[in-house]
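Peer 1: Need a 3D model of the following:
(one chain, ligands or ions: 2)
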Amino acid sequence: TDDDRALIDGFQEEAEEEDEGPLPVVAIVGRPNVGKSTFVNRVLRRRAAVVEDTPGVTRDRVAYEAEWSGRRFTLIDTGGWARQAAGIDLRVAEQAEMGVEMADVVVLVVDAIVGATDDDEAVVRLLRRSGKPVVLVANKVDDQRFEADAAALWNLGLGEPWPVSALHGRGSGDVLDAVLDVLPEVSQVAQVIPDGPRRVALVGRPNVGKSSLLNKLARADRVVVDDVAGTTRDPVDEIVELDGRPWRFVDTAGIRRRVHQTRGADFYASLRTQAALEKAEVAVVLIDAEEPIAEQDLRVVGQVVDAGRALVIAYNKWDLLDEERRYYLEREIERDLVQVQWAPRVNISARTGRHTDRLVPALDTALDSWDTRIPTSRLNALLGEIVAGHPHPVRGGKQPRILFATQASTRPPRFVIFASGFLEAGYRRFLERRLREEFGFAGTPIEVSVRVRE
Ligand code: GDP
Ligand code: GDP
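Peer 2: Numbering: from 1, shown residues only. Ligands and ions are numbered 1, 2, ... in the order given. So this is what the prediction gives:
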């Protein structure tokens, strides 16, 4: 009927407001104790209640998904990094630099009561060089009496300081509005040059063989530097030709320039991973097949899924495996990596080159899935069948109905389901499983969110 049509058009419009492509990134930087984490917590607490399934992969967060005024973005709390890296000398500028590298917009938090220090000024210089938009927060302005302290920060030359009390919430909404004003719809950090080489991140904990694999791949084929459009700009990337096509391996400087650090090495590794993921479309997670799968391997996998990037898992050092280890490896994979059993798997040896030729087909599969768009009509026909066969359980005499579904974006595929009531987590997982059964999505995370309409 016409009424239905109008309703569906409304849903469609609402869903299409969703961003296409990687979420834009906001990094919060500044000296220790200025209130970065307090500010981040305030932003996250205000987040609109979007219902989502988060698979239970444990990890230390370096990035969060946030929402303000209906726009979603990734929020990076460099203050949280310092705490995770307890006991490590993470210089303020170094920390800010990494935040900036990953971000589309930077929020510099300064303690207005203390005023600008040398460290603050060092960070300001770095921000200027980066050319990224900066929003300056004058924090700890708990009441009007301190507004003059905030105004003094005009001196930093970053434009208007926003007076905020992260602790009490004062002014934080205005800051977020200012951030949204300069925030792009889609992350520019990962901006893909049309028809340019696809962007691959090689990630994994230290010593799994990332640099060995990069060397092997770069040596096996010609390394193209100048003759691919738009490839000379970022010196931290390497262009490697595989199967007759150029691929951009992002952030390889982080792989080549090995950080020799005993304390906090894990922590640095997870920052490096995050930086690489922000720039990549697909990640190859290397796992040392010779060693038991570790918590840190799972954390890297979790980071890829959270970042919404396509995923290939490469079990490296296959040349070292005996019968027994192979047996245990399979058991470990079944136990620890069931949640990503959709990821293409390759068993390789960066040393001998075994099966490294299987990486490209796996990358192609993952990227195809990542790019997939399911027509709305097909999606709704399928959901209709699924729901008819397995309706949502009745709770307290009520049964939520599924009204309509649409794919809001690709890269990765994100689905929005409009329902007449809250859908239980178990049921949402069931729907997600059925979507995978039907459409495959090998190599890509998918996201299913639910909007409730009475
Ligand atoms: P970070 O190291 O920059 O992440 O700083 P934190 O968020 O951990 O905050 C450092 C200290 O400053 C904590 O004791 C906070 O409670 C306090 N703080 C943060 N924001 C405010 C604020 O707006 N007003 C006041 N008075 N204290 C604040
Ligand atoms: P990264 O820290 O992840 O970059 O790891 P590297 O590439 O530096 O490798 C760590 C160690 O593992 C080095 O001693 C490599 O020679 C070794 N290695 C890497 N790949 C393989 C492999 O496929 N087989 C064997 N036997 N050793 C490997």
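Peer 1: From here on, just use CA atoms for contacts and neighbour counts.
Peer 2: Fine.
Peer 1: give me every residue that touches residue 96.
Peer 2: Neighbour list for residue 96: 29, 30, 78, 123 [criterion: C-alpha atoms under 8 Å, 6 or more residues apart in numbering].
Peer 1: Mind telling me what element it is part of?
Peer 2: Residue 96 is part of helix 92-102 when elements are defined by DSSP states H and E.
Peer 1: Residue 236 and residue 252 touch, don't they?
Peer 2: Yes - using C-alpha atoms under 8 Å, residue 236 makes contact with residue 252 at a distance of 5.6 Å.
Peer 1: Of the two, which one has the most company?
Peer 2: Remark: of residue 236 and residue 252, residue 252 carries more neighbours, 22 against 14, as counted by other C-alpha atoms under 10 Å.
Peer 1: Surely that one touches residue 218?
Peer 2: No - using C-alpha under 8 Å, residue 252 is not in contact with residue 218; the gap is 11.7 Å.
Peer 1: Report the spatially closest residue to residue 122, excluding sequence-adjacent ones.
Peer 2: residue 93 (6.8 Å; C-alpha to C-alpha, 6 or more residues apart in numbering).
Peer 1: Verify the stated contact: residue 22 with residue 189.
Peer 2: No - with contact defined as C-alpha under 8 Å, residue 22 does not count as touching residue 189 (9.1 Å).
Peer 1: Look at the two and report which has more neighbours.
Peer 2: More crowded of residue 22 and residue 189, by other C-alpha under 10 Å: residue 22, with 26 against 18.
Peer 1: Distance check, the more buried one against residue 376.
Peer 2: 21 Å (C-alpha to C-alpha, to the nearest Å).
Peer 1: residues near residue 117, how many?
Peer 2: Residues near residue 117, counting by other C-alpha under 10 Å, number 11.
Peer 1: wait, I meant residue 389
Peer 2: The tally of other residues near residue 389 (other C-alpha under 10 Å) stands at 9.
Peer 1: Who are the contact partners of residue 214?
Peer 2: If a contact means C-alpha under 8 Å, 6+ apart, then residue 214 has no contacts.
Peer 1: So which bits of the chain are right by ligand 1?
Peer 2: Neighbours of ligand 1 within the chain, by C-alpha under 6 Å from any ligand atom: 32-38, 79, 139-142, 165-167.
Peer 1: tell me which of these is nearest to ligand 2?
Peer 2: Closest approach to ligand 2 among the residues of the chain next to ligand 1 (C-alpha to the nearest ligand atom): residue 79, at 26.3 Å.
Peer 1: ok, which residues in the stretch 101-250 of the chain are in contact with ligand 2?
Peer 2: Counting by C-alpha under 6 Å from any ligand atom, the stretch 101-250 of the chain sits next to ligand 2 at 206, 207, 208, 209, 210, 211, 212.
Peer 1: For these, which two are the farthest from each other?
Peer 2: Using C-alpha to C-alpha, the two most remote members of those are 206 and 212, lying 11.7 Å apart.
Peer 1: Those two: which is more packed in?
Peer 2: residue 206 (20 against 17).
Peer 1: Reduced to three states, what does the more buried one come out as?
Peer 2: Here residue 206 is coil, with the state taken from DSSP: H, G, I helix; E, B strand; the rest coil.
Peer 1: Which residue, neighbours along the chain excluded, lies closest to it?
Peer 2: Nearest residue to residue 206 in three dimensions, chain neighbours excluded: residue 269, at 7.2 Å (C-alpha to C-alpha, 6+ apart).
Peer 1: where exactly do the strands run in the stretch 1-150 of the chain?
Peer 2: Secondary structure of the stretch 1-150 of the chain (DSSP state E, counting those that start in this stretch): strands located at 25-29, 63-68, 71-77, 105-111, 134-139.
Peer 1: Tabulate those strands in TSV, adding columns for mean neighbour count and mean pLDDT.
Peer 2: Putting those into TSV (neighbours: other C-alpha atoms under 10 Å; pLDDT from 0 to 100) gives the following:
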stretch	mean neighbour count	mean pLDDT
strand 25-29	27	91
strand 63-68	18	84
strand 71-77	22	86
strand 105-111	25	96
strand 134-139	28	97
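Peer 1: Identify the residue nearest residue 163 in space, chain neighbours excluded?
Peer 2: Residue 163's closest residue in space is residue 138 (C-alpha to C-alpha, 6+ apart), at 4.8 Å.
Peer 1: From the residues of the stretch 101-250 of the chain next to ligand 2, list just the buried residues.
Peer 2: Buried members of these, counted by 16 or more other C-alpha atoms under 10 Å: 206, 208, 209, 210, 211, 212.
Peer 1: what bridges to the nearest residue to residue 103 once chain neighbours are set aside?
Peer 2: Counting by C-alpha to C-alpha, 6+ apart, residue 103 lies nearest to residue 25, which is 4.8 Å off, once chain neighbours are set aside. Note on residue 25: beta-bridge partners residue 74, judged by DSSP bridges.
Peer 1: Look up how far ligand 2 lies from residue 25.
Peer 2: Distance, residue 25 to ligand 2, using C-alpha to the nearest ligand atom, to the nearest Å: 27 Å.
Peer 1: and that residue, what does it touch?
Peer 2: 73, 74, 75, 76, 102, 103, 104, 105, 187.
Peer 1: and which of the buried ones among the residues of the stretch 101-250 of the chain next to ligand 2 is nearest to ligand 1?
Peer 2: Ranked by distance to ligand 1 (C-alpha to the nearest ligand atom), those are led by residue 206 at 27.4 Å.
Peer 1: Much appreciated, bye for now.
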